[in-house]
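In: What follows is a predicted structure for the sequence shown.
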Amino acid sequence: MFGRRRDGRHGEPVTFDAGAGLVSARVRDENGRPLAGAEMALRHKRTQRVSRAIADDFGLVVSSAAAGVYGVTIEAGGYRQRDYNVEVVSGDHTALGEVELLPDVSLRLPDPGEWVLDPDHTSIRFVARHIGLSRVHGRFTSFRGSIHVAQRVEESSVEVVIDAASIDTAAPKRDEHLRSADFLDVENYPKLHFFSNRVTRAAGDRWYLDGTLNLRGASRGVRLDAGYLGLRQWNGDRLGARATAELHREDFTINWQQTLAKGLVVVGSTVDIQLDVQAVRA
């Protein structure tokens, strides 16, 4: 059995599984622009079961849920969340309509100045696929870095230098292979170097850092998708951020490969970079 109802605003047919209904919203920022990536969470008031959905590029977020009463939270990084209580009715569509999220003023940007990465509270990690079955997780344990916050944040710069030999995947034999000429070739290229002086605000707490990564003697453009976490005081003034990037190792002439039966490769060509950063005002 299915219920069917039309959204009164757009006239589009919506179908439901038996015993379920839909909740939807169109999420906007303070300027009326769609907030892609905003999250809507539905928590059942009785069972506390939670379901989540993510807004598309047009800010539309839709979730199906079993009939019942829910607390609904809509949030996006850098914005204050909105809360609702809704009753989901079997075969019905509960449309919250246009939901405006306002900036979170507690995420004050840092004043101009110099900041230094705290290595004890900063991590540089990576993830790569292995034989198409699992992911290998690793990190670099030795690095240094600095952030120059300019008068205009968009003119700020970031520099990070990593000791290539500090790679650590918790498997000594594999780490030795990664240090060899097949991969990082640390004897000839002991450092990885990233520098960016192009900072662009995306939305809310999200920023893009476009820079150059020098790895194994090859320099390539890299974009960091960063999230700003705000300022704290603890043993000095601190700022926090997280960032991700995707690298293709062939771009840096890291071409070693073995192939299993049916052409399955041992090591995937894509490496995901994950950064968690704390920096202290110099």
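Out: Arrived safely. What you are looking at is a predicted structure, and each value in this text was computed from that prediction instead of being measured.
In: contacts, neighbours, all on C-alpha from now
Out: Will do.
In: Wait, a helix at residue 173?
Out: Yes. Under DSSP: H, G, I helix; E, B strand; the rest coil, residue 173 falls within a helix.
In: okay, now it: neighbour count?
Out: 9 (other C-alpha atoms under 10 Å).
In: again, but for the one 5 residues further on
Out: The local packing count at residue 178 equals 19, with neighbours defined by other C-alpha under 10 Å.
In: Check what pLDDT it gets.
Out: Residue 178 carries a pLDDT score of 92 in this model.
In: Got phi/psi on the residue lying closest to it once chain neighbours are set aside?
Out: Nearest non-adjacent residue to residue 178, counting by C-alpha to C-alpha, 6 or more residues apart in numbering: residue 184, 6.0 Å away. Taking degrees, to the nearest 10, you get phi -80, psi -20 for the backbone angles of residue 184.
In: who are the neighbours in contact with residue 184?
Out: 164, 178, 215-216, 254 (C-alpha atoms under 8 Å, 6 or more residues apart in numbering).
In: in the sheet, who's paired with residue 274?
Out: Applying DSSP bridges to residue 274 yields these beta-bridge partners: residue 125, residue 244.
In: meant to ask about residue 167
Out: residue 140.
In: In the protein, what residue spans correspond to helices?
Out: Assigned helices in the chain, in chain order: 172-179 (criterion: DSSP state H).
In: which stretches of it aren't confidently modelled?
Out: 1-17, 131-132, 255-267 (pLDDT under 70).
In: how does it divide into domains?
Out: 3-100, 113-281 (automatic domain parsing).
In: Residue 107: which of the ones you listed is closest?
Out: Counting by C-alpha to C-alpha, residue 107 lies closest to domain 113-281 out of the domains of the chain; the figure is 4.8 Å.
In: what about the closest one, distance to the chain center?
Out: 13 Å (C-alpha atoms, centre = their mean, to the nearest Å).
In: Please apply the same query to stretch 271-282.
Out: Taking mean C-alpha positions (C-alpha atoms, centre = their mean), stretch 271-282 and its chain are 13 Å apart.
In: re earlier: among the domains of the chain, which comes closest to residue 106?
Out: domain 113-281 (7.5 Å).
In: show me where the stretch 101-250 of the chain has strands.
Out: 113-117, 123-130, 134-140, 143-149, 157-163, 167-168, 191-203, 206-215, 218-233, 237-248 (DSSP state E, counting those that start in this stretch).
In: mind putting the ones you listed in CSV, mean neighbour count included?
Out: Converted to CSV, the strands of the stretch 101-250 of the chain look like this (neighbours: other C-alpha atoms under 10 Å):
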stretch, mean neighbour count
strand 113-117, 19
strand 123-130, 19
strand 134-140, 15
strand 143-149, 19
strand 157-163, 19
strand 167-168, 20
strand 191-203, 18
strand 206-215, 20
strand 218-233, 17
strand 237-248, 17
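In: For residue 73, which of these is the nearest?
Out: strand 191-203 (19.1 Å).
In: Next, count neighbours for residue 84.
Out: Residue 84: 11 neighbours (other C-alpha under 10 Å).
In: Which strand residues bridge it?
Out: Beta-bridge pairing of residue 84 under DSSP bridges involves residue 72.
In: Was I right to think it contacts residue 75?
Out: No. Residue 84 is beyond contact range of residue 75, at 11.7 Å (criterion: C-alpha atoms under 8 Å).
In: tell me, what's touching those two both at once?
Out: Common neighbours of residue 84 and residue 75 (C-alpha under 8 Å, 6+ apart) do not exist.
In: Distance of the residue lying closest to residue 219 once chain neighbours are set aside relative to residue 193?
Out: Nearest non-adjacent residue to residue 219, counting by C-alpha to C-alpha, 6+ apart: residue 213, 5.5 Å away. From residue 213 across to residue 193, the span is 6 Å (C-alpha to C-alpha, to the nearest Å).
In: what sits against the residue nearest to residue 219?
Out: 192-195, 219-222.
In: Beta-bridge partners for it, please?
Out: residue 194, residue 220.
In: now swap in residue 199 and tell me
Out: residue 209.
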